[in-house]
Structures are given as structure tokens and as C-alpha cells.
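Student: Structure of the sequence below:
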Amino acid sequence: MSIVFHHTPERARVWSEKFAQARPDIPFHVWPETGPKEDVRYLAAWKTPDDLATLFPNLEILFSLGAGIDQLNLANVPPGVKIIRMVESSLVEGMIEYVLWAVLSFHRDMFRYARQQREHVWDGSHNRPAKLYRVGLMGMGELGSPVLEKLVSFGYDCRGWSRSRREVPGVKSFAGAGELDAFLAETDILVCLVPLTDATRGILNSSLFEKLPKGACLINCGRGGHLVQEDLIPALDSGQLSQAVLDVAMPEPLPPEHPFWDHPRIFLTPHIASAAQSDTAAEAVLANLRRYEAGEPMSGVIDTGRGY
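Tutor: Just a heads-up that it's a prediction; the model follows:
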């Protein structure tokens, strides 16, 4: 029984130390070194090698090194292999920090002031309290729910939408396609944190933008595939949206000639909202292995039928 780690050498060093300390009984291999392939029961990877069934015929668990699994080729994963997404504290903390920064920056007009600075304009505005801003978050899961809790603590008027009903204290909950329009109608700042699936690909489009109050702000921390890119600039130029904050794109990085780089109402960051720290990520996988060996439910198990 062994594990193969498929990521950068820097991360591999941390993981190797953690496993040596906590589970010296599990041989730890760093790709492309695998040890005897028939002994490999666990694979931790951002992207998987080709032909997993042949490569590791006895594979039992694939641990994704990201919060999502859209980067994985699921067709390459043999039936019966459990897929586990990364659930650990630094991912949550990073997302809370990023979304709070983006919401506060829109609330306090920081994006407008940055444009004014470039134009040498000194023009302040009266501050409005957080309670007057309706923040709507799509995706009330392992990341979205803690983000909503933090926004509530800052006084924002929060609502959340997800495929199935979720409850977060102080948050108005919406669920399913039938309640999406009502959710959008009362959302001034829209945060996208839904998983990228066939059902959510392209969900951020002109039709959705038209259902938001005029002048709304879009914050996309999900995946670039959620956004129909050609619909964003017309929505911004018409005033239907007044600001977009994009931490993700399609492709990444965007080509130098892409219009998003220079649009005055688009703020781009290079997919840095949240990332697993090597030490806590390794500890999360070790904890899941203990649960698995004890016959207990693991955290972050993916329902491959739903894609999350």
C-alpha cells in the first residue's frame, strides 16, 4: 500500500516530511517515481497522469489538490475510485479574505478611486453603511458558507443560492432554478463560488446580468468557465454592471491582447483568491486516510454524477 504525489517538488518536500512523521508505514513516492505500480492505493494530484486504470490498477482514492475537480479528467478515473476534493482551513481563510476585500472595495468605492487617481481626480463620496448593500453568493458549500458568515459579521445584507437548500445564520436562503431569479433581483454584489459543472458552465451570462439590479458588481472566484466572456464588457459598458472582479479566466493566463486587461471596470487577479497550504493540505489528506481506514466517512467526497 503506497501513495503517489503528483505536483511541484516544493510541495512534495513538505508532504514527504508530513507522511514520514505521521505514516511511515505508507511508502510515499513523488511522480514520476511510483514504486511498484500495483502497490499504489492513493494518488494526490492537481492533474492526473493518463490511463490511470493501467498505470495504477489497484488505485482506491484520488485526492484532488484543489478545492474543485474540474481540472481533473474524470473520464480517466476508473470506476470505483473515490475522488476527494481538498477541504482544509487555509483554502477557506483565503477565500474569506479575498471576497471580503472585493466586497469592501466595491462598497467603499475603491475601484472608482483607483480610476480617479490615474486621471488625477480628487472626488470623494459619502460613505454608505454595509447594511445597505445586498450581497448574494452563489454556492453555499464548504467555501461559500464561511464567506457568508464573515460578510454577515460585517453587517452586510446577505443572501445565498445553491442547488439544494442550505441554511446559514443571518442569511436569506434560495435554492434551485426556480428561486434563482428572485435571488438575483435583490443582489447588488454577486459572488460566484459554485462548482464548475455542465449545469453551471456559462451561468454568468447576459441573461443573468439583466436580472440583477442595474449597477451591480460581479465577483467571480469560481472558475473561468462560469463566465461567458463576450457578455461581460457589453454589460459593463451599458451600466447594467458597474464593476467586475475576476480571479479566474479562460484560458489562464489571458492572452496579452485580451480586452479584459485594459477595461477600466474590470479588476483582474491571477487566480490567487485561495490556495491550499502544503502543510495543512497534507494534514487534511492524512486525516481522511485515518477516517477511510477506520471505515468512517471522509470529508470532501465527490458525487461524480453531480460533479461536486
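
Student: What are the buried residues along the helix or strand residue 116 falls within?
Tutor: In this structure, residue 116 sits in helix 110-118 according to DSSP states H and E. Buried residues in helix 110-118, counted by 16 or more other Cβ atoms under 10 Å: 111, 112. Heads up, the C-betas are built off the backbone N, CA and C, glycines and all.

Student: C-terminal to that helix, which secondary structure element comes first?
Tutor: strand 134-138.

Student: For that following strand, name the packing helices and strands.
Tutor: helix 144-153, strand 157-162, helix 180-185, strand 189-192 (3 or more Cβ pairs under 8 Å, 6 or more residues apart in numbering; DSSP states H and E).

Student: and with 10 Å instead?
Tutor: Packing contacts for strand 134-138, counted by 3 or more Cβ pairs under 10 Å, 6 or more residues apart in numbering; DSSP states H and E, involve helix 89-107, helix 144-153, strand 157-162, strand 171-175, helix 180-185, strand 189-192, strand 216-220.

Student: how far away is residue 177 from residue 187?
Tutor: Using Cβ to Cβ, to the nearest Å, residue 177 is found at 16 Å from residue 187.

Student: From residue 98, how far off is the closest residue to residue 247 other than its chain neighbours?
Tutor: Among residues not flanking residue 247 along the chain, residue 273 sits closest, at 4.3 Å (Cβ to Cβ, 6 or more residues apart in numbering). To residue 98, residue 273 is 4 Å away according to Cβ to Cβ.

Student: Now the common contact residues for these two.
Tutor: Shared contacts of residue 273 and residue 98, defined by Cβ atoms under 10 Å, 6 or more residues apart in numbering, comprise 219, 221, 245, 247.

Student: and which of those is nearest to residue 149?
Tutor: Distances from residue 149 to the shared contacts of residue 273 and residue 98, taken as Cβ to Cβ, are shortest for residue 221 (16.1 Å).

Student: Could you count how many residues lie near that closest one?
Tutor: When counting by other Cβ atoms under 10 Å, one arrives at 26 neighbours for residue 221.

Student: Test my guess that it contacts residue 245.
Tutor: Yes - counting by Cβ atoms under 10 Å, residue 245 is a contact partner of residue 221 at 8.4 Å.

Student: Quickly list what's touching both of those two.
Tutor: What both residue 221 and residue 245 touch, as defined by Cβ under 10 Å, 6+ apart, is the set 98, 99, 102, 191, 269, 273.

Student: quick one: which of those residues is nearest residue 80?
Tutor: residue 273 (33.3 Å).

Student: Can you tell me the SS state at that closest one?
Tutor: When classified by DSSP: H, G, I helix; E, B strand; the rest coil, residue 273 comes out as coil.

Student: ok so, going back, reformat the shared contacts of residue 221 and residue 245 into JSON lines and put distance to residue 142 next to each item.
Tutor: Below are the shared contacts of residue 221 and residue 245 laid out as JSON lines (distance: Cβ to Cβ, whole Å):
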{"residue": "98", "distance to residue 142": "15"}
{"residue": "99", "distance to residue 142": "14"}
{"residue": "102", "distance to residue 142": "19"}
{"residue": "191", "distance to residue 142": "15"}
{"residue": "269", "distance to residue 142": "21"}
{"residue": "273", "distance to residue 142": "14"}
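
Student: okay, those in CSV with pLDDT next?
Tutor: Shown next, in CSV, are those (pLDDT from 0 to 100):
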residue, pLDDT
98, 98
99, 98
102, 98
191, 98
269, 98
273, 96
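
Student: and these, which are buried?
Tutor: 98, 99, 102, 191, 273.

Student: just checking, the first one touches residue 221?
Tutor: Read that as residue 98. Yes - shown here, residue 98 and residue 221 form a contact pair, counting by Cβ under 10 Å, at 6.3 Å.

Student: so how many other residues sit close to residue 170?
Tutor: Neighbours of residue 170 under the rule other Cβ under 10 Å: 12.

Student: Please report how far the spatially closest residue to it that is not a sequence neighbour lies from residue 135.
Tutor: Closest residue in space to residue 170, ignoring its immediate chain neighbours: residue 152 at 4.0 Å, by Cβ to Cβ, 6+ apart. When distance is defined by Cβ to Cβ, residue 152 is 9 Å away from residue 135.

Student: Good, wrapping up.
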